[in-house]
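[1] Below: sequence and its predicted model.
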Amino acid sequence: MSPRSICVDRFAGKVALVTGGAHGIGRGMAERLHAEGAAIVIGDRDDAAGAQVASVLDARRPGSAHFVHADVSDLEQVRALVAATLQRFGRLDVLMANAGIHQVEPFLAEDDATWREILGVNLTGAYYCVREAARAMPTGGSIVVTASTNSFFMETEMAAYNVSKAGVAGLVRTAALDLAPRGIRINAVAPGLIRTRMTTGVTENPAHAAAYLQTIPLARFGEPADVAAAAGFLASDDADWITGALLVVDGGQTLGSNAPAGGGV
């Protein structure tokens, strides 16, 4: 992350909760918001990694970061996560509902348990987090949910993931209508292929990487900081009149084909 891109104190005095904050995009979001002045609570199933991220952030500004174990597919754990945030910092201003999982399986062979788990974390979990966080924002706030380009640009052998992320896009739009009278804005970021531990099969495989980069007009993979910057904008007062939006962060990949024209008029 370039220091020049940081908006110092943009979130000063605010408290942000980031789910799935131990790794990848979620960690990038936590680091970005913290660098811009927010106190951070990280919720994640990975206790060791989540605690380590919180410790690193807290060392930079003592008393400003905290980790709570949370599986977002479990409503009671989500409620406990929000309660812990309020207990620790006394308020909740920003939610980054980022926790997500995926699995590559052929459509006709997809395991029912896998379907339920992915929908449980990615869609139901996002719903739980949005609802419980909104209840803890009596004077307004901002919510950003991590959707995906798979919300509208489907890939084979990823049925559960595709459907879950399409559902997230719908969740954000309907919640935006219901939450607007409470002064709560909710938007989504839709990342393309971001360089994280979930995508190493492409990004760290020279042959796969070269082929995939041919489909991205900006000719590079995304980084967690790219998504964090977009999410930070949506959460900030700079986006004060934006709600229900889906901000695509994909290097132009889903714009259309960038292959040379094949003839015709």
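    Arrived safely, thanks for sending.

[2] Distance from the chain centre to stretch 227-241, please.
    Average the C-alpha atoms of stretch 227-241, do the same for its chain, and the two points are 12 Å apart (Cα atoms, centre = their mean, to the nearest Å).

[3] same check, this time on stretch 91-103
    Distance, centroid of stretch 91-103 to centroid of chain: 6 Å (Cα atoms, centre = their mean).

[4] what kind of secondary structure is Ile42 in?
    What DSSP: H, G, I helix; E, B strand; the rest coil gives for Ile42 is strand.

[5] number of nearby residues for the closest residue to it other than its chain neighbours?
    In space, and not counting its chain neighbours, Ile42 is closest to Gly21: 3.6 Å by Cβ to Cβ, 6 or more residues apart in numbering. No exception for glycine: its C-beta is placed from N, CA and C like everyone else's. For Gly21, the count of nearby residues is 34 (other Cβ atoms under 10 Å).

[6] Surely Gly21 is within a helix?
    No: applying three-state DSSP, one finds Gly21 to be coil, outside a helix.

[7] surely it meets Arg27?
    Yes: counting by Cβ atoms under 8 Å, Gly21 touches Arg27, with 5.9 Å between them.

[8] Endpoint to endpoint, stretch 86-97 covers what distance?
    17 Å (Cα to Cα, to the nearest Å).

[9] who's in contact with that stretch?
    With contacts defined as Cβ atoms under 8 Å, 6 or more residues apart in numbering, stretch 86-97 is touched by 11, 14-19, 21, 26, 29-30, 33, 38-39, 41, 66, 72, 82, 85, 125-126, 129-130, 133, 136-137, 141-146, 231, 235.

[10] ok, which stretches of the stretch 51-200 of the chain are helices?
    75-89, 112-119, 125-135, 159-179, 200-203 (DSSP state H, counting those that start in this stretch).

[11] So for the first one, mean pLDDT?
    This means helix 75-89. On average, the pLDDT along helix 75-89 is 98.

[12] So which bits of that helix are buried?
    Buried positions in helix 75-89, judged by neighbour count with 16 or more other Cβ atoms under 10 Å: Gln77, Val78, Arg79, Ala80, Leu81, Val82, Ala84, Thr85, Phe89.

[13] Surely the fourth one and Asp74 touch.
    Yep, that's Ala80 we're talking about. No: counting by Cβ under 8 Å, Ala80 stays clear of Asp74, with 9.0 Å between them.

[14] okay if I get the helices of the stretch 51-200 of the chain as a markdown table plus distance to Asp226?
    Shown next, in a markdown table, are those (distance: least, Cβ to Cβ, whole Å):
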| stretch | distance to Asp226 |
| --- | --- |
| helix 75-89 | 26 |
| helix 112-119 | 24 |
| helix 125-135 | 21 |
| helix 159-179 | 18 |
| helix 200-203 | 14 |
